Each structure stands twice: as structure tokens, then as C-alpha cells.
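K.L.:
I would like the atomic coordinates for the input below:
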Amino acid sequence: MLLAPMIRPADYDWMKRLYPFFFWWLKRLKRRFAESSHDQAFLDFRSQEDPLQHRYISLKWIGAMLKWVKQIEKADPSDDDVLIIQGTGDQTVNWQHNVAQLKRLLPRAQWQVIENARHHLVNESEVYRKEVFLSVDRYLAERQNEGSLKPLK
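P.N.:
As a prediction, this is how the structure comes out:
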């Protein structure tokens, strides 16, 4: 299962143009926390209390991400059967571009598009999160009924 997968980030064009310039002068950029969920308590925790959230983004990380985009967009399609869940309110990834790429890369994928849901799908407000988990449950139940998903021992 892929939840709001990234091929290109929302600011890809900006990053691609400015990265070569910034790389020579800066080691890191101050991070801005996007409105990536409708759950304000989650957003507050992520930006103010979560010790795993860095306040800066390394230029090396941005360079690695730009390299990732080049590689994944040239990758051969996969025959894997996956569920992809994407919200139309996602402003973290360029989801419209990514959908086209993912349909090419994973032609057998099942899709669940959730109107207005943002990027952090499992940390969304209850109405969106409920739809995400229902989609996951349906997908897993189908796989189990087909015999392609074995119960854990």
C-alpha cells in the first residue's frame, strides 16, 4: 500500500531551478511546516512537540530527492498489485503529476482518491482517516479472500 506516495514534491520546479545555486552557499534551509492534515492537534504536535521533526532541511537531502525523481521517472513498470491512496487536497506532493507517473509505473494498482484529504492520510481528521482505513481494510480483505494474503503466524 502506498499512501500519498511521492514521485515529485509540490515545489519540484522551484527546487530544481534553485538547488544548483543554493548548494554552493547553504548547507541547509529552514523548514516550513505545511498544512498537510485537517487535524489541527496533529499539525500542532508535529510542528511544536515532535522531537523527530527537524527544523532545517539539508541541501544534501534536497539533492538526493532530486536524484530520486530522475531515477523513479525513468524506472520500468512493475507488475505489483498495490493499493494507492491519494487525497486531492495534498499540497506536499505534486499529486496530479504523480498519479500519471504511478499509473505508468504500477499499471495493476488499485486507486482510492479521497476528495480534499491532505498528505498525512493516517493523521488526517476523522472523516478522512475513516475513509483511508476502510479502503485499507477492503483491500486486505480482498487479498485474503483471493488467497494472496496469508495470515501472520
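
K.L.:
Tell me how far the nearest residue to residue 72 once chain neighbours are set aside lies from residue 26.
P.N.:
Counting by CB to CB, 6 or more residues apart in numbering, residue 7 is the residue found nearest to residue 72 once chain neighbours are left out, at 5.7 Å. (Each C-beta comes from the backbone N, C-alpha and C, glycine too.) Distance, residue 7 to residue 26, by CB to CB, to the nearest Å: 25 Å.

K.L.:
got it, and residue 100?
P.N.:
32 Å.

K.L.:
How about residue 9?
P.N.:
18 Å.

K.L.:
hmm, back to that, burial of the residue nearest to residue 72, as a residue count?
P.N.:
Other residues near residue 7 come to 20 when the count uses other CB atoms under 10 Å.

K.L.:
and if you look at residue 51?
P.N.:
So residue 51, with other CB under 10 Å, has 5 neighbours.

K.L.:
do the same with residue 35
P.N.:
12.

K.L.:
where does it land in three-state SS?
P.N.:
Three-state call for residue 35 (DSSP: H, G, I helix; E, B strand; the rest coil): coil.

K.L.:
Would you map the strands across this structure?
P.N.:
2-3, 28-30, 56-58, 83-87, 110-114 (DSSP state E).

K.L.:
so which of these is the most packed in?
P.N.:
With neighbours taken as mean count of other CB atoms under 10 Å, the strands of the chain reach their highest mean count in strand 83-87, at a mean of 22.

K.L.:
Distance from it to the middle of the chain?
P.N.:
Its chain's C-alpha centre and that of strand 83-87 lie 9 Å apart, by CA atoms, centre = their mean, to the nearest Å.

K.L.:
Who are the packing partners of it?
P.N.:
On a contact count with 3 or more CB pairs under 8 Å, 6 or more residues apart in numbering; DSSP states H and E, strand 83-87 meets strand 2-3, helix 95-105, strand 110-114, helix 126-146.
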